[in-house]
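Engineer: would you be able to build a 3D model of this:
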Amino acid sequence: MTAHSAAVRRLAIPVLVAAALALSSCGMFDGLFESVPEDPPRSSNASDVVGNYARARRTRPNVHAWQAARETLTFMRLRTSDYYGGVLATDWFRPKASPNERLRVTVAIMAADLVPDTVRVSVIKQRRSRGNWQDVAVSAATVAAIHSQIFKRAQVLKAQSVR
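Structural biologist: Numbers count the residues shown, from 1 in each chain. This is a model prediction of the structure:
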């Protein structure tokens, strides 16, 4: 390899990159690639824990609500446990009584105050049909029962810490 061919090879990549940038800015490739549509905006209801995750990151969660959520969900394996973000998410759980159903629970502790709005619960339920898992509706009573159990336990933990 001569010195001249080595110099040409060293300059080849930067020259090609510069040429590609110049061609792309002149509009030559306009319309060649389809634009990717943006994700639709998420709703902001209480069950949309993922959509409220950014807000949860700005404040520290209530320590009693956090502990209560961990205790309430001990029978399920945790997938995510982020105290500073205030989010607990379980892995799929299959009740022994109904092996063709599975649940995933996500709890977000949204504030440092211990009020009912502090705890947000989201439950995903799936049922196996013909070998495929399909989402099914979760009753509001199920979500309310988990929320209530966490909140009541948090109140007990707070009362015990004051003594």
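Engineer: switch to C-alpha atoms for all contacts and neighbour counts from now on
Structural biologist: OK.
Engineer: output the helix or strand containing residue 89 in PDB with nothing but the alpha carbons.
Structural biologist: Following DSSP states H and E, the helix or strand that holds residue 89 is strand 87-90. Presented in PDB, the C-alpha positions along strand 87-90 are these (Å, rounded to 0.1, in the frame of the first residue of the first chain):
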ATOM      1  CA  VAL A  87     -43.400   3.000  41.100                       C
ATOM      2  CA  LEU A  88     -43.800  -0.700  41.900                       C
ATOM      3  CA  ALA A  89     -44.700  -3.100  39.000                       C
ATOM      4  CA  THR A  90     -45.200  -6.800  39.300                       C
END
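Engineer: ranges for the strands of the protein?
Structural biologist: Counting by DSSP state E, the chain has strands at residues 78-82, 87-90, 101-109, 119-129, 132-136.
Engineer: okay, now the sheet partners of the shortest one, with direction.
Structural biologist: Spelled out, it's strand 87-90. strand 78-82 (antiparallel), strand 101-109 (antiparallel) (DSSP bridges).
Engineer: rewinding a little: other residues contacting the strand holding residue 89?
Structural biologist: Strand 87-90 is contacted by residues 53, 56, 69-70, 73, 76-82, 104-109 when judged by Cα atoms under 8 Å, 6 or more residues apart in numbering.
Engineer: got it, and stretch 135-145?
Structural biologist: Contacts of stretch 135-145 (Cα under 8 Å, 6+ apart): 121, 122, 123, 124, 125, 126, 127.
Engineer: contact partners for the nearest residue to residue 84 once chain neighbours are set aside?
Structural biologist: Distances taken as Cα to Cα, 6 or more residues apart in numbering place residue 60 nearest to residue 84, at 5.9 Å, with adjacent residues excluded. Going by Cα under 8 Å, 6+ apart, residue 60 touches 83, 84, 85, 86, 110, 111, 112.
Engineer: so the fifth one touches residue 116, yeah?
Structural biologist: No: taking contact to mean Cα atoms under 8 Å, the distance of 10.2 Å between residue 110 and residue 116 leaves them out of contact.
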